[in-house]
Every structure is written in structure tokens, then in C-alpha cells.
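Participant: Sequence first, then the predicted structure:
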Amino acid sequence: MTTVEISGEAFLVDGVIANAGRTVRGIPVDGLLLNSRMINGIFDDVNPETRAQWAYPDSGVWDAERNVAEFLAAMGEWRAKGLDAFTIGIQGGSPQGYSETQPWDSGGFDSDGALRPAFAERLRRILDEADRLGFVVIVDYFYQGQEMRLVDEDAVRRATVEATEFLLEGGWRNVMVEIANECNFDWEYTHSRNMRWDRVHELIALAQSVERDGRRLYVSTSFAAIEPIMTAEVLRQADWVLLHGNGTERPERLSEMVAQVKAMPEFTPKPIMFNEDDHFDFDQPHNHMVEALRAGASWGYFDPGSITVFPPQPTLGNYRDGYQAVPVNWGISSEIKRSFFDAISEV
């Protein structure tokens, strides 16, 4: 059984410091997790009006079972290349990579917060395989644009508790929880305001309060690279720090964010992780991944498979590029994917 623990600023996997004695580009990665955003591994769209647009190019239909089967088939190659962890979402992430509106219903929760059985079963299969292969998995509960499908705060709390109970009852010890994706956008989470930066610590505490046989899960929430990049309440409550590197033009901004968090009076030793960053340049000696690792923070690859201009443009998945735009090719199927896995393979 694969286990993840936190000791000070380090992650431990199976009782030992992750990547102890290992390097990437000559940078020590002791206690760090090389990770990737694989958010749509259990994706489905239950809205019949939008479902057809995710069709595979070779079959002309969308198939959630094919999506999870191909995810499972690809995991071994990711692990062999040096990937330690990945983030997967119960409400997924935009199947267009980036999008301004989300008319589809890709969430694993019913409107009252009940965990949808089909989504839970796909997640169960992925977590079982992750356990077998030695992966750490970060399970994200809520995604902006889909959280509004939960009718009220009672539904949000029910979803938080049910998802946490599911993870504990499954017995997985390699799982950590990200409550909400990028909670600090003021124009997001306007429906379920307890997911926002000023209240999300309440949901972190709620998930932490759920126990089975005296054990609870490690819980955090992610902040985008805008102010506030962290709050005192979340820093006190969360078990580790989750940041995103999207929108940061300079690689140095990542080390500045790490220093900014550590300078807060509420900071106590705990790991800092970027679990989403859509900057690549892996062939260059200085890039976002290198800067984060050098600052002592875990780093996560985010390849949306869409047009990454500003403002970002939504793109339907082409079954080649990226790990978010649906349909996703979960293999190492593009030059950018290959460059990332080549960069970490020396581990």
C-alpha cells in the first residue's frame, strides 16, 4: 500500500522522504513531489445538449468509460518517467482547457451534494491503480463554473463530507484533498461563497474533521498567482500550501510567492506545492519548474491543450495536445508532453 505523510516541509512516501538524494537538472528534490494536473480522468457530461461536443475523432461519440480506461493504461508510463503525483477532480476542470462559460455538467456531485455513483466508481479504479503504482493523488473537490450546480451551502457541506468519507472508506493512504481550485478569484465562486478565499478555511476544517478509525486526510486549497496568494486563516488551517503558477510571466515570480508565504506570521513548517503551472520551456536552463524546485517547492505541470494566449481561448480537445481539453489523449502524445517527461525522467 502506498502512503503519503507530511513531516515539516517534506512529503514522505511509504515512510521515507520523497525523492531523497535525487535531483532534477542538478537541483535537489528531497521531500518534493513532481506532479501533473490530470484533472479530467473521471470526466463525463450529463447535459445531453453539450455532451456530443466531446466526441472522439475516430468514433464520433463521447465515451466516459474509454476516457478512464485510457487514463488507467497511461499511468504506468507516467510513473516510469518519474512522475510522483497527479491532481484529479471530482468536478473536473474545463473540458475546453479555458472557458468563459460552462453550460455542461461535468461534476461528480448531484445538486444536493450527493456523490454520483458512476463518478465515484471511476475514481475508485484510478485510486486503486495509483496505489498499486506508487502515486500520490491530490483529489480536487470543487471547480469554478461547476460549483454553482450545488444548490446551497448545505449541499456544499454535504459534498465535502461525502467525498471525504468515500476517500477514507476506500482505505487509500496515498490521497490528499484540494477543496477548491483557485479560490482567490473574486469573480468566481459567487454562488457557493464558502469556497472563496475568505471562507474556504471552513471547508478545510470540515474535511479535516471527518475521521475513520482515528485517521483523517491531509487537506488544502489552491490559490492562483493573484492577491491574496494566501490568507492567514488558510495558512493556519491547511496541512500544506497549494499555489498556481499560471499567469506569472517571470519564472522568478514562483520563488517570490514561496518567500511571500513563508514570510507570513502564520507560516509554520509545511510543504509548499505548485500543482498547476502552464509554463513550459523545459529545454531552457531557466524555467518555471526549475525556479519552483530551486525554491524548495514541488511543481506541477498543467497542459490545458488549448490556446494559451491572454485572455485564454477555449479549445476543443484534438486527442493529441494537453491533459485537460476533452477528449484527452492520456499518453505522452505531443512534443510538449515529451519535453516535460524528459525533463523529470532523470529522477
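Facilitator: Received the coordinates, thanks.

Participant: List the buried residues in the helix or strand harbouring residue 235.
Facilitator: Assigned by DSSP states H and E, residue 235 belongs to helix 232-237. Of all the residues in helix 232-237, those buried under the rule 16 or more other C-beta atoms under 10 Å are 233-235, 237. Placement of C-beta: from N, CA and C, glycine included.

Participant: Could you tell me the end-to-end distance of stretch 258-266?
Facilitator: From its first residue to its last, stretch 258-266 covers 14 Å (C-alpha to C-alpha, to the nearest Å).

Participant: other SSEs contacting the helix or strand of the chain with the lowest mean pLDDT?
Facilitator: Across the helices and strands of the chain, mean confidence by mean pLDDT, DSSP states H and E is lowest for strand 23-24: a mean of 94. Contact partners of strand 23-24 among helices and strands, from 3 or more C-beta pairs under 8 Å, 6 or more residues apart in numbering; DSSP states H and E: helix 288-294.

Participant: re earlier: off-centre distance for the very next helix or strand once past the helix holding residue 235?
Facilitator: Beyond helix 232-237 on the C-terminal side, the first helix or strand identified by DSSP H and E is strand 241-244. How far strand 241-244 lies from its chain's middle: 10 Å, per C-alpha atoms, centre = their mean, to the nearest Å.

Participant: Repeat that for stretch 65-85.
Facilitator: 15 Å.

Participant: hang on, the earlier thing: who are the packing partners of the very next helix or strand once past the least confident helix or strand of the chain?
Facilitator: Scanning forward in sequence from strand 23-24 by DSSP H and E, the next helix or strand is strand 27-28. Helices and strands touching strand 27-28, by 3+ C-beta pairs under 8 Å, 6+ apart, are helix 288-294.

Participant: Following the chain onward from the helix it packs on, which element is next?
Facilitator: Following helix 288-294 toward the C-terminus (DSSP H and E): strand 299-301.

Participant: Sheet partners, orientation included, of that next one?
Facilitator: strand 34-37 (parallel) (DSSP bridges).

Participant: low pLDDT regions in the protein?
Facilitator: Judged by pLDDT under 70, the chain has its weakly predicted residues at 307-312.

Participant: center of it, which residue is that?
Facilitator: Nearest residue to the geometric centre of the chain (C-alpha atoms, centre = their mean): residue 87, 3.1 Å.

Participant: which residues of this structure fall in strands?
Facilitator: Secondary structure of the chain (DSSP state E): strands located at 4-7, 10-13, 16-17, 23-24, 27-28, 34-37, 85-89, 136-142, 175-180, 218-220, 222-223, 241-244, 272-276, 299-301.

Participant: What is the neighbour count of residue 166?
Facilitator: Using other C-beta atoms under 10 Å, residue 166 is surrounded by 18 other residues.

Participant: how near is it to residue 25?
Facilitator: 38 Å (C-beta to C-beta, to the nearest Å).

Participant: quick one on the thing from earlier: can you give me the offset of the least confident helix or strand of the chain from its chain's centre?
Facilitator: 22 Å.

Participant: how about residue 68, what does it touch?
Facilitator: 41-42, 122, 125-126 (C-beta atoms under 8 Å, 6 or more residues apart in numbering).

Participant: And residue 147, by the same measure?
Facilitator: 91, 107, 156, 180, 189, 191-192, 195.

Participant: Name the member of the residues you listed with the most neighbours.
Facilitator: Neighbour-wise, the contacts of residue 147 (other C-beta under 10 Å) top out at residue 180, 30 neighbours.

Participant: can you give me the helices in the protein?
Facilitator: Counting by DSSP state H, the chain has helices at residues 64-80, 117-133, 153-169, 200-209, 232-237, 252-262, 288-294, 335-344.

Participant: what's in contact with the shortest one?
Facilitator: What that stands for is helix 232-237. 197-198, 200-201, 204-205, 208, 220-221, 223, 241, 261, 264-267.

Participant: Show me the two of those residues that sit farthest apart.
Facilitator: Farthest apart among the contacts of helix 232-237 by C-beta to C-beta are 208 and 265. That separation is 21.7 Å.

Participant: quick one, which of those two is more surrounded?
Facilitator: More crowded of residue 208 and residue 265, by other C-beta under 10 Å: residue 208, with 17 against 7.

Participant: residue contacts, the more buried one?
Facilitator: So residue 208 contacts 216-217, 219, 237, 239 (C-beta under 8 Å, 6+ apart).

Participant: ditto for residue 166
Facilitator: 115, 120, 123.

Participant: at 7 Å instead, please
Facilitator: Residue 166 makes contacts with 115, 120, as judged by C-beta atoms under 7 Å, 6 or more residues apart in numbering.

Participant: Residue 169 too?
Facilitator: By C-beta under 7 Å, 6+ apart, the residues touching residue 169 are residue 212.

Participant: same question, residue 180
Facilitator: Contacts of residue 180 (C-beta under 7 Å, 6+ apart): 141-142, 189, 195, 200, 221.

Participant: try 10 Å this time
Facilitator: Listed by C-beta atoms under 10 Å, 6 or more residues apart in numbering, the contact partners of residue 180 are 91, 140-144, 147, 156, 160, 188-189, 192, 194-197, 200, 203-204, 220-223, 242.

Participant: ditto for residue 187
Facilitator: residue 144.

Participant: ok, so what distance separates it from residue 100?
Facilitator: 11 Å.

Participant: you'd agree residue 114 is up against residue 154?
Facilitator: No: using C-beta atoms under 10 Å, residue 114 is not in contact with residue 154, being 11.9 Å away.
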